[in-house]
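K.L.:
with the input below, show me the fold.
(chains A, B, C and D)
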There are 2 protein chains.
Amino acid sequence: MPEYDHPATESLTLLGVLRGLADPIRLEIVFHLGSVPEATCASLLGSRPRSSMSHHFQVLRESGLLRTRIQGVQHFNSLRRADLDFRFPGLMDAVLAARPHEASAGTL
Amino acid sequence: MPEYDHPATESLTLLGVLRGLADPIRLEIVFHLGSVPEATCASLLGSRPRSSMSHHFQVLRESGLLRTRIQGVQHFNSLRRADLDFRFPGLMDAVLAARPHEASAGTL
DNA sequence: GATATAGTTCGATGAAAGTCGAATTAAACC
DNA sequence: GGTTTAATTCGACTTTCATCGAACTATATC
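P.N.:
Numbers count the residues shown, from 1 in each chain, chains lettered A, B, ... in the order given. Below is the predicted model:
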């Protein structure tokens, strides 16, 4: 398993990004990644089953919201901030600024 | 049928708004409403069945994206720009700025 | 090589959401 | 009151999407 392929910046679509964001768990992941440079899957797991999370990471990757860097057994995920800002200026700023305090799935 | 009730500005949620936007037809409607003060349902119909569109208007209304004003037999829809800007500053600016030229369902 | 660790893929299930014809409401107009 | 117009509601169908256990892959370590 060498690396994932991530969609090119130019090929990101607004609809795709909005779809990626339109789920409570994924939004939570995005909020978290908005506050740290990168995070492993495990660190975002909470009490949810791995397979569910893996699915959400895939959706986020395919919609262009995050990039996954593989190092050893660990997958380091980071927001594609620069790419998103370039393609959809102001969007992630607005989304991240709207983060509720103590965002914990229920408060979204 | 006097009037619809629209959710209060304070009760709008980011997730709700994102969900409202995460559909090609609804995004098209929102784009259109971003460029005109208001529009009747009929004027946004295109070639789609009325019942489908009615459903999308309902979703947009319930997520707080638009307001429907009834006048006679016609329903005038407008973006809740001020409310959205107040609650989620910059969000709609970013979304509307990302509108593809000639947005026509396929190009979203 | 065996084992542990991190994460994915598969496949089945269930729930949510979009589609659309037919019936319905409500106002406007003759 | 009957008809036209604008749009909704209902209900059935279909599709899409999330959930999650079990099996699997790949790396690291002993």
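
K.L.:
from now on I want contacts and neighbour counts done on CA atoms only, so please keep to that.
P.N.:
Noted.

K.L.:
what's around the nearest residue to A:His56 once chain neighbours are set aside, how many residues?
P.N.:
Spatial nearest neighbour of A:His56, excluding adjacent residues (C-alpha to C-alpha, 6 or more residues apart in numbering or on different chains): A:Arg26 at 6.3 Å. Neighbourhood size, A:Arg26 [other C-alpha atoms under 10 Å in any protein chain shown]: 21.

K.L.:
just say helix, strand or coil for A:Arg26.
P.N.:
What DSSP: H, G, I helix; E, B strand; the rest coil gives for A:Arg26 is helix.

K.L.:
okay, it and B:Leu45: tell me how far apart.
P.N.:
Counting by C-alpha to C-alpha, to the nearest Å, the gap from A:Arg26 to B:Leu45 is 32 Å.

K.L.:
how about the residues of chain A that lie near chain B?
P.N.:
Proximity of chain A to chain B, by C-alpha under 8 Å from any C-alpha of the partner chain, involves residues A:13-16, A:18-19, A:21-24, A:27, A:88-91, A:93-95, A:97-98, A:108.

K.L.:
inside helices: which ones of those?
P.N.:
Among the residues of chain A next to chain B, DSSP state H puts A:14-16, A:18-19, A:21, A:24, A:27, A:91, A:93-95, A:97 in helices.

K.L.:
reformat the residues you listed as TSV; add pLDDT and neighbour count.
P.N.:
Formatted as TSV, those follow (pLDDT from 0 to 100; neighbours: other C-alpha atoms under 10 Å in any protein chain shown):
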residue	pLDDT	neighbour count
A:Leu14	97	24
A:Leu15	97	18
A:Gly16	97	21
A:Leu18	98	22
A:Arg19	97	20
A:Leu21	98	25
A:Pro24	96	18
A:Leu27	97	23
A:Leu91	98	25
A:Asp93	97	17
A:Ala94	97	19
A:Val95	98	22
A:Ala97	96	15
